[in-house]
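Novice: Okay, predicted coordinates and the sequence, questions at the end:
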Amino acid sequence: MARKALIEKEKKRQKLVDLKADKRAALKKIVKDLYTPIEEKIKAQEALNKLPKNSSPIRLRNRCSITGRARGYLRKFRLSRITFREMAHKGLIPGVTTSSW
């Protein structure tokens, strides 16, 4: 199980990303627009640089919602492979059955 501090840090980053997403998107649109004057682009880029680093979605790491494990993550279920297997065997995930032949 991941340290609780890591899990909390990830939640904090997610909140910051959600909070600053609109502002970041607006600034990026100005920077990428071909018809925007260069002075405005520079100002927008500087404003983008002043945003907190953790407000960028690139800084997020997918983690298991139960254990906090970062590797072996299944996006569809938001679980690690180990937790997914345990829950599937117990029948806790609807629509998932173990195969046998």
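Specialist: Cool, got the structure.

Novice: Which residue ranges of the chain form helices?
Specialist: In the chain, the segments counted as helices under DSSP state H are 4-32, 38-50, 81-90.

Novice: Which among the ones you listed is found nearest to Arg63?
Specialist: Taking Cβ to Cβ, helix 4-32 is the member of the helices of the chain nearest to Arg63, at 5.6 Å. All C-beta atoms are positioned from the backbone trio N, CA, C, and that covers glycine.

Novice: and that closest one, what does it pack onto?
Specialist: helix 38-50 (3 or more Cβ pairs under 8 Å, 6 or more residues apart in numbering; DSSP states H and E).

Novice: for the helix it packs on, packing partners?
Specialist: Going by 3+ Cβ pairs under 8 Å, 6+ apart, helix 38-50 lies up against helix 4-32.

Novice: which residue packs closest to Leu6, ignoring adjacent ones?
Specialist: Distance criterion Cβ to Cβ, 6 or more residues apart in numbering; nearest residue to Leu6, sequence neighbours excluded, is Gly68 at 6.3 Å.

Novice: How much space separates the one you found from Lys90?
Specialist: Note on Gly68: its distance to Lys90, by Cβ to Cβ, to the nearest Å, is 20 Å.

Novice: again, but for Phe77
Specialist: Note on Phe77: its distance to Lys90, by Cβ to Cβ, is 14 Å.

Novice: For the residue positioned nearest the centre of the chain, give me its contacts.
Specialist: The centroid of the chain falls nearest to Leu60 when counting by Cα atoms, centre = their mean (4.1 Å). Residues in contact with Leu60 (Cβ atoms under 8 Å, 6 or more residues apart in numbering) are Glu10, Arg13, Gln14, Val17.

Novice: 7 Å instead?
Specialist: Arg13, Gln14, Val17 (Cβ atoms under 7 Å, 6 or more residues apart in numbering).

Novice: I'd like those as a markdown table, with neighbour count, distance to Ala26 and pLDDT appended.
Specialist: Shown next, in a markdown table, are these (neighbours: other Cβ atoms under 10 Å; distance: Cβ to Cβ, whole Å; pLDDT from 0 to 100):
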| residue | neighbour count | distance to Ala26 | pLDDT |
| --- | --- | --- | --- |
| Arg13 | 19 | 21 | 96 |
| Gln14 | 16 | 20 | 96 |
| Val17 | 18 | 15 | 97 |
